[in-house]
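>>> Need a 3D model of the following:
(2 chains)
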Amino acid sequence: MTGSPSMLTIVRRMAIALTLGIAWLEPIAKANEAPNTPLEQKVREADLVGIGKVVDVDVNDPRRTGLEHIATLEIDTMLKGEPTKSVPLVYGTGVYELDPQCCVRGMTYLFFLHRDHRGLLVSVDGPKGVYKIAVPTNGQAAVYSTLKQ
Amino acid sequence: MRIINRLLIACPIAMTFLCCIYAGPGEAYEVKEKSLSEKVDASSLVFFGTITDANYRAFGIDSNERIALVRVDTVLKGSASGVVRVRYATGSPESDLKCCRAGERYLFFMSANTLGVLESVNGPFGAYRIDDHAFAPQ
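Sure, this is the predicted structure:
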């Protein structure tokens, strides 16, 4: 009777192993998730906060490196920062989890951005540093942000 | 003739004096725009919203007050869902929000008063219109 474990024991051991495995993997899975930063902190860390429109994507900027993608924004309402009309935004970094959910040409967003050492603007909070706020549909803006808080 | 001459001199002086007196209180009501950090710090609720009714009336609302019903679309700070009440006029034009018409959308910086009605944290600078092609700060 002591030779081989019963089927129930095997199932129990597998369940324990599975639970331990999930517990071990969870922090690794979240390693690339951007934390949800409070609005106060986003504002503090931002050099530029504004509402604007994406006018160009995949811009061939000489400052881009590797897998980066750069868009050109036209800022319509500046909430923080020096007034400026057109700015370059890094919206693709090569790390999907850290990319802002941006940019579709013609769409309007609220941006929380800081300027990096190259003068390019990047999201202060990965995917949660840019909020989609309008999509023109049939001449009327009618679609709202779906970004999670 | 001398009286008329004196009146001609005295009237402009009196007018200038009166203007000076009234300019003081006029400037006192002027609301200065806070920085974005100050607005966010003062806000209990920051959100994108759509005006669903610009002339909400209910018991207890003063005749000078204007309250709008606003559908909460996206919350950036605080907690809210569904429809909230926003007071956008109080009878004091200097501190009123330049808002609201049904269907318009804004970014609101608000705090709730004792009645649970939301009010701007910075007078006319507490809401920004975000409709397409209409980005002038309100």
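>>> Without its sequence neighbours, what residue ends up closest to B:Arg101?
B:Ala54 (5.6 Å; CB to CB, 6 or more residues apart in numbering or on different chains). Quick note: C-beta positions are derived from backbone N, CA and C, even for glycine.
>>> Does the host helix or strand of the one you found pack against any helices or strands, and if so which?
Using DSSP states H and E, the element containing B:Ala54 is strand B:45-56. The elements that strand B:45-56 packs onto, with contact taken as 3 or more CB pairs under 8 Å, 6 or more residues apart in numbering or on different chains; DSSP states H and E, are strand B:66-77, strand B:83-89, strand B:105-112.
>>> State the three-state secondary structure for the residue nearest the centre of chain B.
Central residue of chain B (CA atoms, centre = their mean): B:Asp96, 1.9 Å from the mean position. Using DSSP: H, G, I helix; E, B strand; the rest coil, the secondary structure recorded for B:Asp96 is coil.
>>> if I pick the nearest residue to B:Ser44 once chain neighbours are set aside, what's in contact with it?
Excluding the flanking residues, the one nearest B:Ser44 by CB to CB, 6+ apart is B:Ser111, at 4.7 Å. Neighbouring residues of B:Ser111 by CB atoms under 8 Å, 6 or more residues apart in numbering or on different chains: B:42-45, B:118-119, B:121.
>>> 7 Å instead, please
With contact taken as CB atoms under 7 Å, 6 or more residues apart in numbering or on different chains, B:Ser111 is in contact with B:42-44, B:119, B:121.
>>> Repeat that for B:Gly126.
B:97, B:108-110, B:120.
>>> Quick check: of these, which lies closest to chain A?
Minimum distance to chain A across these is 9.8 Å, recorded for B:Phe109 (CB to the nearest CB).
>>> any idea how far the residue nearest to B:Ser44 is from chain A?
14 Å (CB to the nearest CB, to the nearest Å).
>>> For beta bridges, what are the partners of that residue?
B:Glu119 (DSSP bridges).
>>> quick one: it from A:Leu67, how far?
The spacing between B:Ser111 and A:Leu67, counted by CB to CB, to the nearest Å, is 43 Å.
>>> do the same with B:Arg57
Counting by CB to CB, the gap from B:Arg57 to A:Leu67 is 56 Å.
>>> Within range of chain A, give me the residues from chain B.
B:36-37, B:40-41, B:46, B:48, B:73-77, B:107, B:128, B:130-132, B:135, B:137 (CB under 7 Å from any CB of the partner chain).
>>> Of those residues, just the buried ones, PyMOL syntax please.
Selection of the buried residues among the residues of chain B next to chain A in PyMOL, burial being defined by 16 or more other CB atoms under 10 Å in any protein chain shown:
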select buried, chain B and resi 36+40+46+48+73+74+75+76+77+107+128+130+131+132+135+137
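>>> could you measure A:Val55 against B:Asn122, distance?
30 Å.
>>> And the two? Which one has more around it.
Neighbour count, other CB atoms under 10 Å in any protein chain shown: between A:Val55 and B:Asn122, B:Asn122 has more, with 19 against 14.
>>> so the more buried one touches B:Glu33, yeah?
Yes: between B:Asn122 and B:Glu33 there is a contact under CB atoms under 7 Å: 6.5 Å.
>>> Strands along chain A, start to end?
Assigned by DSSP state E, chain A shows strands spanning A:48-56, A:69-80, A:86-92, A:108-115, A:121-123, A:130-134, A:136-137, A:140-141.
>>> closest one to chain B among those?
strand A:69-80 (3.4 Å).
>>> now the closest one: how far from the chain's centre is it?
16 Å (CA atoms, centre = their mean, to the nearest Å).
>>> okay, and for chain B, where does confidence drop off?
Under the criterion pLDDT under 70, the flagged ranges of chain B are B:1-29, B:132-138.
>>> what's the domain layout of it?
B:1-30, B:36-129 (automatic domain parsing).
>>> Next, count neighbours for B:Glu119.
Neighbours of B:Glu119 (other CB under 10 Å): 18.
>>> brain fart, A:Met78
A:Met78, neighbours per other CB under 10 Å, totals 18.
>>> Apart from its neighbours in sequence, what residue is nearest it?
Leaving aside its sequence neighbours, A:Met78 sits nearest to A:Gly50 (CB to CB, 6+ apart; 4.7 Å).
>>> quick one, what contacts the one you found?
A:75, A:77-79, A:81, A:111.
>>> Which of those are buried, as a ChimeraX select command?
Buried residues within the contacts of A:Gly50, by 16+ other CB under 10 Å, are selected in ChimeraX with:
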select /A:75,77,78,79,81,111
